[in-house]
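Q: coords please:
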Amino acid sequence: MPRRARMTVPGIPHHVIQRGNNRQACFYCDEDYLTYLEWLKEYAQEFDCEVHAYVLMTNHVHLLVTPSTITSLSSFMKALSQRYVQYINRTYKRSGSFWEGRYKSSVTSEDHYVLACYRYIELNPVRASMVEHPAEYRWSSYRVNAQGEASDIISPHPTYLALADDSIRFEAYRDLFRYELDPGLVDELREATKGNLAFGSEKFKKQIEDAIGYSMEPRKIGRPSKET
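A: Presented below is the predicted three-dimensional model:
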């Protein structure tokens with residue numbers, strides 16, 4: 001069965017995951033993380049994508065990105081991924097597959113679902129038992145979104161801005177991290193991203209289906225059954 005066409009909806013946030021091939025490491029030292037972030041900023045600007053949240057884990061990357069056009073996200077990820085692979089191959093004198101196929105993504109509803117995605121991304125190092133609190137992890141957007149650390153990468157999403165007035169927004173955002181994400185919501189987010197589906201309410205999913213012109217129901221594995 002042919003793979004599902006990649007879904008991109010301009011003006012709506014997308015949760016993006018890219019993993020190292022066979023879960024191999026993507027970052028080996030601080031310079032690698034810094035290099036990736038520099039090109040993340042450069043290509044987000046070049047292809048008109050707004051980055052709302054990110055985390056660079058040892059062997060994969062999570063991004064929350066709003067593309068401006070139907071081709072912005074794919075162009076952005078292609079340029080970023082290819083340049084980083086060239087850097088890694090040159091620096092570490094390696095060859096062969098680096099990324100695990102295409103990046104995976106899901107379009108995300110602009111309400112509490114997008115805030116759940118913020119939290120899911122920035123809590124990755126905690127779930128992986130790398131740190132006890134997201135503020136302790138250097139390679140994520142938590143310190144920007146929760147503590148006001150300066151960044152020329154992050155563009156606040158309107159839902160994030162609507163949390164509270166400027167004077168207390170960081171505190172309001174930090175309060176979201178006092179509680180763990182609902183396990184069911186985490187599973188839903190993971191399935192949506194894995195399957196290139198929509199993450200949100202049933203109404204939102206129907207709106208996306210109407211916009212793109214095909215069903216967002218997960219595909220069944222295997223050959224379709226024969227009619228008798």
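Q: tell me the first helix or strand C-terminal of the host helix or strand of Val107.
A: For Val107, the enclosing helix or strand under DSSP states H and E is strand 104-108. The element immediately downstream of strand 104-108 (helix or strand, assigned by DSSP H and E) is helix 112-122.
Q: sheet partners, orientation included, of the strand holding Val107?
A: The pairing partners recorded for strand 104-108 under DSSP bridges are strand 14-19 (antiparallel), strand 198-199 (parallel).
Q: so for Tyr87, which of those sits nearest?
A: The closest of the strands paired with strand 104-108 to Tyr87 is strand 14-19. By Cβ to Cβ, the value is 15.0 Å. Backbone N, C-alpha and C define where each C-beta goes, glycine included.
Q: what about the helix or strand just after that closest one, average pLDDT?
A: Next helix or strand after strand 14-19 toward the C-terminus (DSSP H and E): helix 30-46. For helix 30-46, the per-residue pLDDT values average out at 98.
Q: got a list of contacts for helix 30-46?
A: With contact meaning Cβ atoms under 8 Å, 6 or more residues apart in numbering, helix 30-46 is reached by 26-27, 49-51, 54, 56, 61, 63, 65, 76, 79-80, 83-84, 87-88, 91, 138-139, 152-153.
Q: name the single longest helix found in this structure.
A: With secondary structure taken from DSSP state H, the chain has its longest helix at helix 72-92.
Q: what packs against it?
A: Applying 3 or more Cβ pairs under 8 Å, 6 or more residues apart in numbering; DSSP states H and E, one finds that helix 72-92 makes contact with strand 14-19, helix 30-46, strand 49-56, strand 60-67.
Q: can you point out the buried residues in the second one?
A: Buried residues in helix 30-46, counted by 16 or more other Cβ atoms under 10 Å: 32-33, 35-37, 39-41, 43-44.
Q: then the last one?
A: In terms of neighbour count (16+ other Cβ under 10 Å), strand 60-67 has its buried residues at 60-67.
Q: phi and psi next, for the residue lying closest to Val85 once chain neighbours are set aside.
A: Leaving aside its chain neighbours, Val85 sits nearest to Phe98 (4.7 Å; criterion: Cβ to Cβ, 6 or more residues apart in numbering). Main-chain torsions, Phe98, degrees, to the nearest 10: phi -110, psi -50.
Q: how far away is Phe98 from Asn89?
A: 7 Å (Cβ to Cβ, to the nearest Å).
Q: same check on His157?
A: 34 Å.
Q: list just the nearest of the buried residues of helix 30-46 to Arg102.
A: Of the buried residues of helix 30-46, the one sitting nearest to Arg102 (Cβ to Cβ) turns out to be Tyr43, at 16.8 Å.
Q: so how far is Gly101 from the closest one?
A: 20 Å.
Q: ok, back up a step: reformat the helices and strands packed on helix 72-92 as TSV; add distance to Ala128.
A: Shown next, in TSV, are the helices and strands packed on helix 72-92 (distance: least, Cβ to Cβ, whole Å):
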stretch	distance to Ala128
strand 14-19	13
helix 30-46	16
strand 49-56	10
strand 60-67	10
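Q: starting at the chain centroid, how far to stretch 175-190?
A: For stretch 175-190, the separation from the chain centroid amounts to 15 Å (computed by Cα atoms, centre = their mean, to the nearest Å).
Q: typo on my end, stretch 116-128
A: Offset of stretch 116-128 from its chain centre (Cα atoms, centre = their mean): 11 Å.
Q: ok, and for it, which residues are buried?
A: 116-126.
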